[in-house]
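[1] here is the input, now give the coordinates:
(2 chains)
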Amino acid sequence: KAGVTQTPRYLIKTRGQQVTLSCSPISGHRSVSWYQQTPGQGLQFLFEYFSETQRNKGNFPGRFSGRQFSNSRSEMNVSTLELGDSALYLCASSLQSGTGGSGYTFGSGTRLTVV
Amino acid sequence: KNQVEQSPQSLIILEGKNCTLQCNYTVSPFSNLRWYKQDTGRGPVSLTIMTFSENTKSNGRYTATLDADTKQSSLHITASQLSDSASYICVVSPNTNAGKSTFGDGTTLTVKP
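    Here you go, the predicted structure:
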């Protein structure tokens, strides 16, 4: 079955612009989580959506937002981009919220560069 | 507060040698622990998953152990290969529907010829 699809794969934006990243989870998975990873750093949790509702949120400013559609596809938006937003953004899908049993399947990520 | 600590932060070994990575956690209530391998610039890929009742789980040259009493896990890699060079991430999930998993910062392994 198809894996987790993230688009675009690479993105270059200018400071102050906004960007929208997309994630299509594995068919049947209802939970989508987003993570930011900067060079040499661990995965920083952004937020999780389950059945179109935000279930958990990390410690990121309000410039970072997301949503989930009825088909479980999710989008993440970052407004007023800053240089420090340059990172690999990873999306992970799972059957359950919190992944108590099913675990995560990650996409290949979107590499965002802010110049 | 739920925490996952991994050690060492980075490790360099020669091809063919064995190594062991550590993961200590304080996540409660515990549901499962997973080890992921992340190649540079790619998404993490699951290696093993262990539940409370499991002590050892193998996946080829990767063997994970879990001591639920001391809340420690290890990932042992035998006969390392150049392709094992990656970041290895320990993830612990709670036994609740609303809680979120806790990720370790990872161990960066470099295998040299």
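[2] which parts of chain B sit against chain A?
    B:31-32, B:34, B:36, B:41-46, B:49, B:89, B:91, B:93-101, B:103-106 (CB under 8 Å from any CB of the partner chain). Heads up, the C-betas are built off the backbone N, CA and C, glycines and all.
[3] quick one: buried ones out of the residues you listed?
    B:31-32, B:34, B:36, B:42-44, B:46, B:49, B:89, B:91, B:93-95, B:99-101, B:103-106 (16 or more other CB atoms under 10 Å in any protein chain shown).
[4] report the helix or strand with the lowest average pLDDT across chain A.
    strand A:53-57 (a mean of 89; mean pLDDT, DSSP states H and E).
[5] in contact with A:Ser94, which residues?
    If a contact means CB atoms under 8 Å, 6 or more residues apart in numbering or on different chains, then A:Ser94 has A:29, A:31, A:33, A:102-105 as its contacts.
[6] so which of these also contact chain B?
    Among the contacts of A:Ser94, the ones lying near chain B by CB under 8 Å from any CB are A:33, A:103-105.
[7] and chain A, which of its residues are near chain B?
    Residues of chain A lying near chain B (CB under 8 Å from any CB): A:4, A:33, A:35, A:41-43, A:45, A:48, A:55-56, A:88, A:90, A:92, A:96-101, A:103-109, A:111.
[8] now, the residues you listed that are in strands?
    Using DSSP state E, the members of the residues of chain A next to chain B that fall within strands are A:33, A:35, A:45, A:48, A:55-56, A:88, A:90, A:92, A:105-106, A:111.
[9] run a quick neighbour tally on residue 37.
    I'll assume chain A. 21 (other CB atoms under 10 Å in any protein chain shown).
[10] wait, I meant chain B there
    Neighbours of B:Lys37 using other CB under 10 Å come to 21.
[11] give me the beta-bridge partners of it?
    With DSSP bridges as the criterion, B:Lys37 is bridged to B:Val45, B:Tyr88.
[12] may I ask which helix or strand of chain B has the lowest mean pLDDT?
    strand B:102-103 (a mean of 88).
[13] who touches that one?
    Strand B:102-103 has contacts (CB under 8 Å, 6+ apart) with A:35, A:42-43, A:45, B:2-4, B:25, B:27, B:89-94.
[14] which residue is the nearest non-sequential neighbour of B:Pro29?
    B:Asn95 (4.2 Å; CB to CB, 6 or more residues apart in numbering or on different chains).
[15] fine by me, we can end here.
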